[in-house]
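[1] mind looking at a prediction? Sequence and model below.
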Amino acid sequence: MNSDFKQGFWRLADPKISLTSVAAIYVGLSVAIVDGPVSWPWLIVTLLAFFAMEVAKNAWGDVIDYDSGTDLAVSEEDRTDFSGGKRVMVDGLLTRGQTWAMAAGFTLAGLMLGLAIVLFREPQALWIGLIGMIIGWSYHGPPLKLAYRGLGELDVVICYGPLIALAAYLIQAHNLSWQVFWLSMPLGIIVAAFLWVNQFPDYTADRAHGKRNLVVRLGRHRASRVLPLIYLLAFIFLTCMPWLADLSYWVWLGGLAMIPAGLASAWTWQDPETFYRHKPVQPMALIAFLLYSAGAGSGVLIG
């Protein structure tokens, strides 16, 4: 295996982006631990299944964005570790065929692990799995191409909020939970805020090639004013959690996410055009969703 292929695989695997799935799984798992015994082997299978689908999604998304011209149009000064795609073809690490093969291989691995869950653990997981596949493909893929139509942010709220968290809970507890649903909603919104700031560096390239996400539609300046409102919505949900979901006040530990969220919002507000060149807004947005998951999930366990 040559070094370019290894580097290409590592970019597609991209552990820091896969943390979004882990954060959602932890939210579902925390409620499952309180509600009953947990099967740790099936938790490992769940984590592997979602990791496989994350790699597959990154791979097919990279091909679609490459073919649309968006990734090719991102200038060197606008490239970051969090945006502009994985660039495995732009940088010549993988061929188009290799990237599609990676997408197909990891999709198959995810499907096989999902099938094992359905057959040997929880048959109802089939429906969440099918919905997840459709939503995951449709973020980049035709015919919906939600990221190109200003609906990618909603896709992310659903997928990295209730969908994955409920799947994790269902696999453990064999039923669904309104507590998990409400607890995961702020997480989905905070992950969407992470996507939001990641779209600023790609703004010029996306606008030129028809990827009309909400940042492109609003423009960087107005989008920078919306970012704190996105976070505010998430924290309003969190504030209401003891009454919405009958959870203890300990879930307010998820409010630790307000610190990095506030920094990300302030820096983006101050310089919406080029904040990503001199301020760690994108890492702050990542830390925000991790802190929400760790704080709110641990709050469930403490409470």
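    Everything's here; your move.

[2] list the buried residues in the helix of greatest length in the chain.
    Ranked by residue count and defined by DSSP state H, the top helix of the chain is helix 40-68. The neighbour-count check on helix 40-68 (16 or more other CB atoms under 10 Å) flags 42-43, 45-47, 49-66, 68 as buried. C-betas here are computed from N, CA, C, even on glycine.

[3] gap between residue 295 and residue 190?
    Per CB to CB, to the nearest Å, residue 295 is found 11 Å from residue 190.

[4] those two: which has the busier surroundings?
    Legend: neighbour count by other CB atoms under 10 Å for residue 295 and residue 190, higher for residue 190 (33 against 18).

[5] what residues are up against that one?
    Contact analysis of residue 190 by CB atoms under 8 Å, 6 or more residues apart in numbering lists 231, 234, 257, 261, 288-289, 292.

[6] thinking again about what came up before, intersection of neighbour lists for residue 295 and residue 190?
    Common neighbours of residue 295 and residue 190 (CB under 8 Å, 6+ apart) are residue 257.

[7] give me the contact list for the helix or strand where residue 205 lies.
    Per DSSP states H and E, residue 205 falls inside helix 203-208. For helix 203-208, the surrounding residues in contact (CB under 8 Å, 6+ apart) are 69-75, 78, 84, 199, 211-213, 215-216, 220.

[8] rewinding a little: can you add secondary structure, neighbour count and pLDDT and give the contacts of residue 190 back as CSV?
    Shown next, in CSV, are the contacts of residue 190 (DSSP: H, G, I helix; E, B strand; the rest coil; neighbours: other CB atoms under 10 Å; pLDDT from 0 to 100):
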residue, secondary structure, neighbour count, pLDDT
231, helix, 23, 98
234, helix, 28, 98
257, helix, 28, 98
261, helix, 28, 98
288, helix, 27, 98
289, helix, 28, 98
292, helix, 31, 98
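
[9] how many neighbouring residues does residue 156 have?
    23.

[10] and the strands in the protein?
    Assigned by DSSP state E, the strands in the chain number zero.

[11] pLDDT weak spots in it?
    Applying pLDDT under 70 to the chain flags the ranges 1-2.

[12] still on that earlier bit, which of the contacts of helix 203-208 sits closest to residue 17?
    residue 84 (12.7 Å; CB to CB).

[13] and the residue lying closest to that closest one once chain neighbours are set aside, how far is that from residue 251?
    Counting by CB to CB, 6 or more residues apart in numbering, residue 84 lies nearest to residue 74, which is 4.3 Å off, once chain neighbours are set aside. Separation of residue 74 from residue 251 (CB to CB) stands at 39 Å.

[14] cool, and residue 34?
    In terms of CB to CB, residue 34 sits 12 Å off from residue 251.

[15] what do those two both touch?
    With CB under 8 Å, 6+ apart, residue 34 and residue 251 have common neighbours residue 300.

[16] which of the two has more residues huddled nearby?
    With neighbours defined as other CB under 10 Å, residue 34 and residue 251 compare such that residue 251 has more, 27 against 14.

[17] that one and residue 301 touch, don't they?
    No - taking contacts as CB atoms under 8 Å, residue 251 lies outside contact range of residue 301: 10.1 Å.

[18] for ChimeraX, what selects the buried ones among the contacts of helix 203-208?
    Here is the ChimeraX command that selects the buried residues among the contacts of helix 203-208 (16+ other CB under 10 Å):
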select :70,71,73,74,78,84,199,211,212,213,215,216,220
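
[19] fine by me, thanks again.
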